[in-house]
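S.K.: The following comprises the amino acid sequence and a computationally predicted model.
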Amino acid sequence: MAIARPGKIVCVGRNYREHAVELGNVVPQEPLLFLKPSTAVIGDGDTIVLPPESARVEHEAEIAVVIGKRIRRVPEAQALAALAGITCLNDVTARDLQRREEQWTRAKGFDTFCPLGPRVVPLEQVRLAELEVRCRVNGIERQRGHAHDMVFGLAALVAFASQAMTLEPGDVIATGTPGGVGPLTAGDVVEVEIPGVGVLRNPVAAESRKA
């Protein structure tokens, strides 16, 4: 299934303990939600552009779920039935901006900061308990995490998000990143892979200055 630009991207912070620890953060008592703008979305093969406002941009490989039907306040037991499927997402982050600003919107929201794809795989074609996400930069693995290591599982995240906002078909929930996040520099190629789902591959370039 091809991916259309989502209406909203709901992200979950600190959903893997080792990632919370590596950034010096505590694990939240309930899912920590934030949004990325749809204008940040790019597809497989598109270029991640490093903005001049940040001196440290990092990759965050994530398992993403795509909403298949409109839901509001869905119970956890019914949450997975609302999903269209699974895809790969890179929650690209200007880490220096995130550290110094109370809100994460700018750090997470630059154009090209949400690579998504390359396809959506229906739930019945994947084994949710065995879902794994990996990140490679220039062919070298930096991240590897499993869905069973999440603080809050897929169904819990969908149900929790739906208590706050209506989720509509095509919306995306990014479920958090495992430990191992690191910097991206111009000339890199970053890959996010979910075995059985696909590989999301994006080159990295510095933003060109207009004369």
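M.R.: That came through, no problem. Because the structure is predicted, anything quoted here is derived from the model rather than measured.
S.K.: So the nearest residue to residue 59 once chain neighbours are set aside: helix, strand or coil?
M.R.: Counting by Cβ to Cβ, 6 or more residues apart in numbering, the nearest residue to residue 59 once its immediate chain neighbours are dropped is residue 190, at 5.2 Å. C-beta coordinates here come from the backbone N, C-alpha and C atoms, glycine included. Secondary structure state of residue 190, per DSSP: H, G, I helix; E, B strand; the rest coil, is strand.
S.K.: I'd like the distance between residue 104 and residue 146.
M.R.: Applying Cβ to Cβ, to the nearest Å, the value for residue 104 to residue 146 is 25 Å.
S.K.: hang on, the earlier thing: per-residue confidence at the residue nearest to residue 59?
M.R.: pLDDT, residue 190: 98.
S.K.: Now for it: which residues touch it?
M.R.: Contact analysis of residue 190 by Cβ atoms under 8 Å, 6 or more residues apart in numbering lists 48, 59, 90, 115, 135, 136, 137, 184, 201, 202, 204.
S.K.: Let me see the contact set for the closest residue to the third one other than its chain neighbours.
M.R.: This points to residue 90. Spatial nearest neighbour of residue 90, excluding adjacent residues (Cβ to Cβ, 6+ apart): residue 115 at 4.2 Å. Residue 115 makes contacts with 41-44, 46, 48, 88-90, 92, 190, 192, 200, 202, as judged by Cβ under 8 Å, 6+ apart.
S.K.: quick revisit: residue 104 and residue 146: which has the busier surroundings?
M.R.: Between residue 104 and residue 146, residue 104 has the larger neighbour count (other Cβ atoms under 10 Å), namely 18 against 14.
S.K.: other SSEs contacting the worst-scoring helix or strand of the chain on mean pLDDT?
M.R.: When the helices and strands of the chain are compared on mean pLDDT, DSSP states H and E, helix 17-22 comes out lowest with a mean of 75. The contact analysis (3 or more Cβ pairs under 8 Å, 6 or more residues apart in numbering; DSSP states H and E) places helix 17-22 against no helix or strand.
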